[in-house]
Each structure stands twice: as structure tokens, then as C-alpha cells.
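A.B. asks: Okay, here's the prediction I keep looking at, along with the sequence it came from:
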Amino acid sequence: MGRKIFVSYKYADSNVKDITGAATIWNPCTVRNYVDKLEGLLKDKTEHIYKGESDGEDLSQLSDATIWNKLKNRIYDSTLTIVMLSKGMRDQLKVEKYQWIPQEISYSLKEISRTDSSGRTVTSKTNALLALVVPDTYGSYSYFTEKKSCCSSGCTFFNNTSNLIFTIMGKNMFNEKKPTTDKCDSGSSIYRGDYNYMLCAKWDDFKGSPDYYIDKAYEIQDKQDNYDIRKEI
């Protein structure tokens with residue numbers, strides 16, 4: 001049976017590298033174009049079922065409450081949440097709890113009980129969580145992650161306190177209860193192993209090996225008791 005995946009993203013964020021080859025000022029490439037590519041990867045290279053919104057589905061005329069009910073049904077039925085982490089994903093002028101992405105992440109991490117058609121109570125489990133970092137307009141990932149040369153062993157920096165991402169995302173990074181750490185030559189801590197509950201992967205790395213990253217996210221989910229998981233916005 002295929003695993004069920006829900007994709008959370010900022011539809012209109014155009015601060016991304018063009019992957020269409022035909023983007024213009026009037027018709028820019030957006031995160032939605034990356035989701036289209038992702039949907040193809042999930043269908044062509046894995047057995048996983050895509051659970052996010054599909055093209056041709058117009059929700060614009062629906063109330064926020066109706067949209068949220070539709071989204072909750074899809075999230076409830078999923079086992080993995082993929083967040084498209086893009087440079088313009090967060091509206092800096094709007095309170096986080098009123099934005100879709102943190103609401104979707106929060107709901108997917110909670111254990112939600114519902115009554116099924118036969119009258120039984122069925123409770124969802126905490127989803128696995130995978131953030132795909134989308135390159136910005138210049139093809140760079142440095143707004144969130146970059147390789148560092150400050151130590152001989154090499155390390156990767158993740159900006160979990162950036163105001164470009166949501167609090168619930170940052171709090172689900174470096175949240176392993178008993179992390180394995182070393183000291184960098186500069187004196188900073190280096191984390192080893194699976195130290196994030198929210199696994200992070202660059203888009204260019206993921207698209208070549210989607211199964212590897214999806215399997216890794218589920219592997220971390222299986223060890224969720226080892227993490228202080230932030231479930232509230």
C-alpha cells in the first residue's frame with residue numbers, strides 16, 4: 001500500500017528559481033510549479049499517494065472554514081507532511097496562527113480522533129515531517145542552509161531561527177532529546193545523526209533520490225519518542 005503524503009506550501013511565492021524555462025514578469029515561476037514536479041516524482045518514482053490540492057481545483061470561492069475542513073480531511077488521512085520551504089513562504093505582516101502552512105503542520109503532528117462510518121473511534125498518528133528547501137530566484141539555498149568550512153570535518157548550517165520560516169518549523173529542528181554533538185574548530189556545536197524531527201533536504205538533492213528522503217522521514221517518525229515535538233503553532 002502506498003504511503004499518503006500531504007504537501008504544504010505557499011502557492012503564489014515567486015521568489016524561486018525558474019524551473020519552467022518560460023517564466024516572465026507577468027507569469028512567473030512559483031512554488032506551485034515545484035509542487036507539480038513533486039507530484040510527478042511521487043507518482044513516477046514511488047508508490048506514494050499525493051494528497052495535496054490538485055491543479056484545476058478552485059478553492060478561491062470557498063470560505064476559509066470550508067477550505068480548512070477540506071484540508072483537514074486530507075491531512076488526517078496522510079502519514080507524511082512535506083513542507084515546501086521557500087523564501088517567501090511566510091507573510092511577515094500576518095500572525096502565524098492565521099496562515100495556512102503552520103496550521104497544516106500543527107494539525108498533521110497532532111493525534112486527532114474521529115468517528116468512522118461504522119461508529120468506531122479512529123485516532124490519527126503524528127505524521128512524519130519533511131521540509132524541501134526550494135532555491136530562491138538566484139538558485140541559492142543560503143537564505144536557510146549552506147555548507148560551512150569552519151571545521152576540518154565540514155558541516156552544514158541550518159537557520160532554524162530565521163524569520164523566513166514558521167516557529168513550528170524551527171522548533172522541530174535540533175529537538176532530539178539526547179543529541180550527539182561535537183565541537184567545531186570555531187567552538188560551535190556540531191550535531192550528528194538524526195537531530196531534527198523535521199528532516200530538511202534541498203530540492204536538488206531530493207529530486208534525484210526521493211525515496212531515500214521519504215524513507216528517512218518515516219524512519220525518524222518511528223523514533224518520535226526521542227524528540228520534543230512541537231505540535232502547537
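C.D. replies: Sure, I can see it.

A.B. asks: which secondary element of this protein has the worst mean pLDDT?
C.D. replies: The helix or strand of the chain with the poorest confidence is strand 49-50; it has a mean of 70 (mean pLDDT, DSSP states H and E).

A.B. asks: Which elements pack onto that strand?
C.D. replies: strand 4-8, helix 31-45 (3 or more CB pairs under 8 Å, 6 or more residues apart in numbering; DSSP states H and E). The way it works is simple: take the backbone N, C-alpha and C, and place the C-beta from them, glycine included.

A.B. asks: ok, it: who's next to it in the sheet?
C.D. replies: In the sheet, strand 49-50 lines up against strand 4-8 (parallel) (DSSP bridges).

A.B. asks: Could you report the pLDDT at the residue nearest in space to the middle of the chain?
C.D. replies: Nearest to the geometric centre of the chain sits Val83, at 2.0 Å (CA atoms, centre = their mean). We note a pLDDT of 97 for Val83 in this prediction.

A.B. asks: Quick check: beta-bridge partners of it?
C.D. replies: Going by DSSP bridges, Val83 forms beta bridges with Ser8, Ala131.

A.B. asks: OK, contacts around it?
C.D. replies: 7-9, 101, 105, 129-132, 169, 198 (CB atoms under 8 Å, 6 or more residues apart in numbering).

A.B. asks: How about Thr145?
C.D. replies: Here Thr145 is in contact with 133, 156-159, 200, 202 (CB under 8 Å, 6+ apart).

A.B. asks: how about it, phi and psi?
C.D. replies: Taking degrees, to the nearest 10, you get phi -150, psi 150 for the backbone angles of Thr145.

A.B. asks: Contacts for the least confident helix or strand of the chain, please.
C.D. replies: By CB under 8 Å, 6+ apart, strand 49-50 touches 2-5, 7, 38-39, 42-43.

A.B. asks: quick revisit: any idea which of the contacts of Val83 has the most stuff around it?
C.D. replies: Met198 (29 neighbours; other CB atoms under 10 Å).

A.B. asks: Contact partners for that residue?
C.D. replies: Contacts of Met198 by CB under 8 Å, 6+ apart are 83, 129-131, 169, 172-173.

A.B. asks: With Leu42 instead?
C.D. replies: 5, 48-50, 210.

A.B. asks: 6 Å instead?
C.D. replies: Neighbouring residues of Leu42 by CB atoms under 6 Å, 6 or more residues apart in numbering: 48, 50.

A.B. asks: State the pLDDT value of it.
C.D. replies: So Leu42 comes in at 86 (pLDDT).

A.B. asks: before we move on, what about the one 5 residues further on?
C.D. replies: At Glu47, the model reports a pLDDT of 66.

A.B. asks: Distance of the residue nearest to the centre of the chain relative to Pro102?
C.D. replies: The gap separating Val83 from Pro102 is 10 Å, by CB to CB, to the nearest Å.

A.B. asks: Tyr197 and Asn172 touch, don't they?
C.D. replies: Yes: assessed by CB atoms under 6 Å, Tyr197 is found in contact with Asn172 at 4.6 Å.

A.B. asks: Any regions of this protein where pLDDT drops low?
C.D. replies: Low-confidence segments of the chain (pLDDT under 70): 1-2, 44-47, 51-62, 152-153.

A.B. asks: residue boundaries of the helices in it?
C.D. replies: Secondary structure of the chain (DSSP state H): helices located at 31-45, 64-76, 100-109, 167-170, 203-206, 210-222.

A.B. asks: Let me have those in a markdown table, extended by distance to Thr145.
C.D. replies: Rendered in a markdown table, the data for the helices of the chain read as follows (distance: least, CB to CB, whole Å):
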| stretch | distance to Thr145 |
| --- | --- |
| helix 31-45 | 16 |
| helix 64-76 | 26 |
| helix 100-109 | 18 |
| helix 167-170 | 13 |
| helix 203-206 | 11 |
| helix 210-222 | 14 |
